[in-house]
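>>> Pasting a predicted model and its sequence here:
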Amino acid sequence: MSLLDTLVTRASGALERRTSRRGFLARSAVVGSALAVAPVGYVLKPQSAYAAVCGIDAACTSGYTVFCATINGGVNRCPPGSLVGGWWKSDGSGYCCGGARYYVDCHSYCSCGCGGRATFCGEGCRDCSCGCGPAGQCDRRRVCCNEFRYGQCTQDVRCTGPVWCRVVTCTPPWRIPAWDCSTTSATDQRTGSHSAPALEDCTPVGRHHTALGGPGGVLGEARTPELSTPARDGRYQHFDAGSIYTSAASGTHEVHGLIRDAWARTGWEAGVLGYPVTDETATPDGRGRFNHFQRGSIHWSPETGAHEVHGAIRETWRALGWEAGLCGYPVTDELATPDGRGRYNHFAGTGGSSIYWTERTGAHAVHGELRDAWERLGWEAGPLGYPTTDELVTPDGRGRCNHFEGSGGSSVYWSPGTGAHAVLGAVRQAWAASGWEAGPLGYPTGGERPDGPDRVRQRFQRGEALLTPSTGRVTLTPTP
């Protein structure tokens, strides 16, 4: 047996007679890695392995280490310039809703090595200085003082500074890739009641973060403490890769990535969409992602980016099959029309799609070549005005059409052989009276064209219409 082994055994035996610490060591698989890093310090300074907050041993003189949230603006994560050195757990913690709570030591890096010190560098090489937690808070434990390391994490770094502060989590540390921890376990039930005002684990936000994998999940580590929303009707917390929002009306849901960025542009929960009512979810086609909100949705795909759709336009889009329908994914947020009367979203449907809304006409979709013909005539500012129907199939099954609000009525009709053309006002009325495309003229093959000082001509498959604007008279002439 080596001198070190003898020292450890004797010191542990002495501690066993005076404290339950030896029992803790005997029951913990962490002994191997903890003793490998700092065997003498681990045995001779057992108090440095624990942290306590508001409650017993609350003073800096107690020897325990402060929680990171106390000195890090309420954020429960290791400070910049530190590394995760090891962990232990407390089973049945009320802070983790009855599950295990994990305590994680954050150590300062050493900028100039340990020199003759085997494990810990001198104070001049550290990113933190030994001191106490902030005055006026119950968690006034020691900061960057305790030279102790459990050793299950970041084992490739042997020389560190002391324990800077401690993070707590309901997620097993070995499931958090960035922390690089082993599963070697330690348990200390005496730390189960330790907490700080900024640490809230068993809340809707905390439970959801844990269910998503905690710091090792899609959202990563906390960037802010859990906070009240400005209207104080909900709570939220921001993380490295997203956010969790909760309210009584919406439940608790996460938003991340480009969808979160798009939601932020709308004003977060105070904007037009309100709180999220789903987590981010894959679309049925597997190409995109979406979140639903109280008053709308944001859909994303690699080709279109993330855009919001809400209100009556969203209801029309939903009725048409969401992104799987003719419209496809949105390529704009909802926008105001230049005349201020309406609203619209453009979509990525084949040939282009749009849904336009006014209070008078409702929300209707226009697609492909019908939309192109409407665009050529000036969109809603042209003679067609706003759409009053979605795209319709003609009775003969060969064509498609949209009706619009233009003066006297207006429509755009399409068939494979004729393309898409508008029929307006008096000509449309006469053509409708003759039986639309099923009548003697068939589908339009062009738009209205001036033909003299007081005459307008429009050609159809089997004839033409002649309009005298001064009188409004229309003559339909089928081809013999």
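Received the coordinates, thanks.
>>> Mind jotting down where the strands sit in the stretch 301-450 of the chain?
Along the stretch 301-450 of the chain, counting by DSSP state E, counting those that start in this stretch, strands occupy 305-310, 335-336, 342-347, 353-358, 362-367, 392-393, 400-404, 410-415, 419-424, 449-450.
>>> Adding mean neighbour count, write these out as CSV.
Where C-beta positions appear, they are placed from N, C-alpha and C, glycine not excepted. As requested, those are exported to CSV (neighbours: other CB atoms under 10 Å):
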stretch, mean neighbour count
strand 305-310, 23
strand 335-336, 10
strand 342-347, 22
strand 353-358, 24
strand 362-367, 24
strand 392-393, 12
strand 400-404, 22
strand 410-415, 24
strand 419-424, 23
strand 449-450, 10
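>>> Throw the ones you listed into TSV and include distance to I71 and mean pLDDT, thanks.
Shown next, in TSV, are those (distance: least, CB to CB, whole Å; pLDDT from 0 to 100):
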stretch	distance to I71	mean pLDDT
strand 305-310	36	98
strand 335-336	46	98
strand 342-347	47	98
strand 353-358	52	98
strand 362-367	53	98
strand 392-393	66	98
strand 400-404	63	98
strand 410-415	67	98
strand 419-424	67	98
strand 449-450	79	96
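>>> Turn the ones you listed into a markdown table, including distance to C327.
Below are the strands of the stretch 301-450 of the chain laid out as a markdown table (distance: least, CB to CB, whole Å):
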| stretch | distance to C327 |
| --- | --- |
| strand 305-310 | 9 |
| strand 335-336 | 15 |
| strand 342-347 | 4 |
| strand 353-358 | 4 |
| strand 362-367 | 6 |
| strand 392-393 | 15 |
| strand 400-404 | 14 |
| strand 410-415 | 17 |
| strand 419-424 | 17 |
| strand 449-450 | 32 |
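>>> Quickly list what Y102 is bridged to.
K89, T169 (DSSP bridges).
>>> Could you point out which of the strands of the stretch 301-450 of the chain sits nearest G214?
strand 305-310 (25.3 Å; CB to CB).
>>> I'd like to know which elements that closest one is packed against.
Here strand 305-310 touches helix 257-266, strand 296-301, going by 3 or more CB pairs under 8 Å, 6 or more residues apart in numbering; DSSP states H and E.
>>> Quick check: which of these is buried the most?
Highest mean neighbour count of the helices and strands packed on strand 305-310: strand 296-301, a mean of 24 (counted as mean count of other CB atoms under 10 Å).
>>> what does it rub up against?
Contacts to strand 296-301, defined as CB atoms under 8 Å, 6 or more residues apart in numbering, come from residues 257-259, 262-263, 272-274, 283, 287-291, 306-311, 314, 322-323, 329-330, 348.
>>> Now do that strand and strand 342-347, the angle between them.
Interaxial angle, strand 296-301 versus strand 342-347 (axes from the mean of the first three to the mean of the last three CA atoms, to 10 degrees): 30 degrees.
>>> Paired strands for strand 296-301, with orientation please.
strand 289-293 (antiparallel), strand 305-310 (antiparallel).
>>> can those strands go into JSON lines with extra columns for distance to R223?
Shown next, in JSON lines, are the strands paired with strand 296-301 (distance: least, CB to CB, whole Å):
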{"stretch": "strand 289-293", "distance to R223": "19"}
{"stretch": "strand 305-310", "distance to R223": "21"}
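>>> List phi and psi for I71.
phi -110, psi 0 (degrees, to the nearest 10).
>>> show me what contacts it?
79, 133-134, 143, 165.
>>> Out of those residues, which is nearest to P177?
Once CB to CB is applied, the member of those that ends up nearest P177 is P79, at 19.7 Å.
>>> would JSON lines of the helices and strands packed on strand 305-310 with mean pLDDT and distance to P172 be doable?
JSON lines is the format used below for the helices and strands packed on strand 305-310 (pLDDT from 0 to 100; distance: least, CB to CB, whole Å):
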{"stretch": "helix 257-266", "mean pLDDT": "98", "distance to P172": "25"}
{"stretch": "strand 296-301", "mean pLDDT": "98", "distance to P172": "31"}
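>>> do you know which of the ones you listed lies nearest Y356?
Using CB to CB, the nearest of the helices and strands packed on strand 305-310 to Y356 is strand 296-301, at 16.9 Å.
>>> This structure: helices as residue ranges?
3-18, 21-27, 31-37, 39-44, 68-71, 204-211, 257-266, 311-319, 368-376, 425-433 (DSSP state H).
>>> if we can go back for a sec, can I get the helices and strands packed on strand 305-310 in CSV with distance to T361?
Compiled in CSV, the helices and strands packed on strand 305-310 are given as follows (distance: least, CB to CB, whole Å):
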stretch, distance to T361
helix 257-266, 25
strand 296-301, 20
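>>> Tell me the buried residues in stretch 115-133?
119-121, 125-126, 128, 132-133 (16 or more other CB atoms under 10 Å).
>>> Can you tell me how far W317 is from G385?
Computed as CB to CB, to the nearest Å, the W317 to G385 distance reads 21 Å.
>>> cool, H209 as well?
Distance from H209 to G385, by CB to CB: 50 Å.
>>> number of nearby residues for the residue lying closest to V456 once chain neighbours are set aside?
In space, and not counting its chain neighbours, V456 is closest to L467: 4.3 Å by CB to CB, 6 or more residues apart in numbering. Applying other CB atoms under 10 Å, we find 22 residues neighbouring L467.
>>> Ok, the one 5 residues further on next?
A count of neighbours around G472, defined by other CB under 10 Å, yields 11.
>>> same thing with the one 4 residues further on?
By the criterion of other CB under 10 Å, L476 has 18 neighbours.
>>> list the contacts for it?
430-431, 434, 440-441, 463-465.
>>> low-confidence ranges in this structure?
1-57, 116-117 (pLDDT under 70).
>>> if we can go back for a sec, can you tell me which of the contacts of L476 is nearest D156?
The nearest one, if we look at the contacts of L476 relative to D156 and count by CB to CB, is W431, at 80.9 Å.
>>> show me what contacts the closest one?
With the criterion set at CB under 8 Å, 6+ apart, W431 makes contact with 423, 439, 441, 460, 465, 476.
>>> The residue nearest to V456 and R455 touch, don't they?
Yes: L467 lies in contact with R455 (CB atoms under 8 Å); the separation is 7.0 Å.
>>> quick one: V277 and G472, what's the gap?
53 Å.
>>> thinking again about what came up before, buried by neighbour count, from the contacts of L476: which ones?
430-431, 434, 441, 463-465.
>>> Could you single out the nearest of these to P197?
Out of the buried ones among the contacts of L476, the member with the shortest distance to P197 (by CB to CB) is W431, at 75.5 Å.
>>> Report the buried residues of stretch 457-476.
457-461, 463-467, 474, 476.
>>> ditto for stretch 136-146
137, 139-146.
>>> How about S301: what's its closest non-neighbour residue?
G288 (3.7 Å).
>>> so the one you found touches G305, yeah?
No: the pair G288 and G305 does not pass the contact test of CB under 8 Å, sitting 10.2 Å apart.
>>> OK, contacts around T229?
Counted by CB under 8 Å, 6+ apart, T229 has contacts 235-236, 245, 247, 268-270.
>>> can you rerun that using 10 Å?
By CB atoms under 10 Å, 6 or more residues apart in numbering, the contact list for T229 reads 235-236, 245-247, 268-270, 275.
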